[in-house]
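**Q** My questions are about this predicted structure, shown below with the sequence.
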Amino acid sequence: MPNRLGKLFRHRTAVQTGRKNPVFLSTVDRSSKIYDGIPLRDFIGDDARDALARELFLDINDICNAFDPVATCREKLAATVIKFASFQVLVIPPSPETDPSDLRSQPGITGELTQHLVQIAENNYELRSELYGEADAPTFDSVWESVQRSYWQSYWFLETFNAARHELGDYNDEHDWFMPFKHAACANYEHIYRREIALPPAFDENLASIAPTAYSIFTDIVLSGAEDPELEWRDYYKNSDIPIPSFEW
């Protein structure tokens with residue numbers, strides 16, 4: 001049966017290759033539902049949506065046809081987590097507003113960056129590149145629209161790769177590593193942005209130089225193929241003062 005994401009893909013090679021692969025079919029179906037549940041259509045037109053869908057469709061196909069699907073999925077997920085985190089920390093609202101991400105108040109993440117959006121865009125190379133050609137001088141509204149668009153695009157890709165990860169069985173029911181991994185990447189990006197605009201670190205002074213390095217190692221552990229990256233990361237820092245995030249599963 002044709003699926004919604006498949007309809008967006010104009011070439012049939014990937015469909016023919018993956019149509020009998022249950023991971024492929026389940027992930028594509030889940031990706032379609034993810035797209036339907038987010039407001040990305042408010043920020044992009046049909047042509048951009050189709051291009052993103054084709055790119056994502058091929059990524060899913062790459063995972064399913066890889067020699068090591070789990071490792072390939074982790075590579076794509078890790079790269080997307082880093083990109084996603086660069087936008088996630090910019091859209092987390094300050095307290096007492098509700099935080100849909102469940103990341104605010106975890107170590108290193110404050111929800112304070114939205115109010116500094118223009119200054120961050122003026123000082124961060126990646127954000128300046130995102131805005132190039134869209135506005136002569138960044139305003140809050142122009143930066144906010146660009147950040148929202150990029151956030152939802154990366155959210156769509158990240159949740160799709162996470163769905164593939166689940167279909168491949170690369171998760172822990174009782175204490176999964178996905179949210180801690182997102183936290184580590186987001187804490188690093190908040191630290192980068194705060195440093196670039198001369199805001200005080202979100203960590204205690206004695207941890208400001210070592211915590212970001214510790215969190216960045218989470219990515220290395222994910223890519224190393226560790227069976228449970230979160231457990232290995234916790235074990236590595238169990239005798240340190242590095243603040244450990246806490247999530248409910």
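**A** Nice, I can see it.
**Q** only C-alpha atoms for contact and neighbour calcs from this point on.
**A** Will do.
**Q** which stretches of the protein form helices?
**A** With helices called from DSSP state H, the chain shows them at 4-8, 13-18, 22-36, 46-64, 69-91, 117-123, 125-131, 140-167, 178-196, 211-224, 229-236.
**Q** could you say what helices and strands the longest one packs with?
**A** Read it as helix 140-167. helix 22-36, helix 46-64, helix 69-91, helix 117-123, helix 125-131 (3 or more C-alpha pairs under 8 Å, 6 or more residues apart in numbering; DSSP states H and E).
**Q** Let me see the mean pLDDT of stretch 182-199.
**A** For stretch 182-199, the mean pLDDT works out to 96.
**Q** brain fart, stretch 215-229
**A** The model assigns stretch 215-229 a mean pLDDT of 96.
**Q** Can you give me the buried ones in that stretch?
**A** For stretch 215-229, the neighbour count (16 or more other C-alpha atoms under 10 Å) marks 215-216, 218-219, 221-223, 228-229 as buried.
**Q** Export only the CA atoms of it, formatted as PDB.
**A** Presented in PDB, the C-alpha positions along stretch 215-229 are these (Å, rounded to 0.1, in the frame of the first residue of the first chain):
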ATOM      1  CA  TYR A 215      28.700  16.300  27.600                       C
ATOM      2  CA  SER A 216      30.400  16.300  24.200                       C
ATOM      3  CA  ILE A 217      31.800  12.900  24.900                       C
ATOM      4  CA  PHE A 218      28.200  11.500  24.900                       C
ATOM      5  CA  THR A 219      28.300  11.800  21.100                       C
ATOM      6  CA  ASP A 220      31.600   9.800  20.900                       C
ATOM      7  CA  ILE A 221      30.100   7.100  23.000                       C
ATOM      8  CA  VAL A 222      27.000   6.800  20.800                       C
ATOM      9  CA  LEU A 223      29.200   6.600  17.700                       C
ATOM     10  CA  SER A 224      31.500   4.000  19.300                       C
ATOM     11  CA  GLY A 225      28.700   1.400  19.200                       C
ATOM     12  CA  ALA A 226      28.300   1.200  23.000                       C
ATOM     13  CA  GLU A 227      25.300  -1.100  23.800                       C
ATOM     14  CA  ASP A 228      23.900   1.500  26.200                       C
ATOM     15  CA  PRO A 229      25.500   4.900  25.700                       C
END
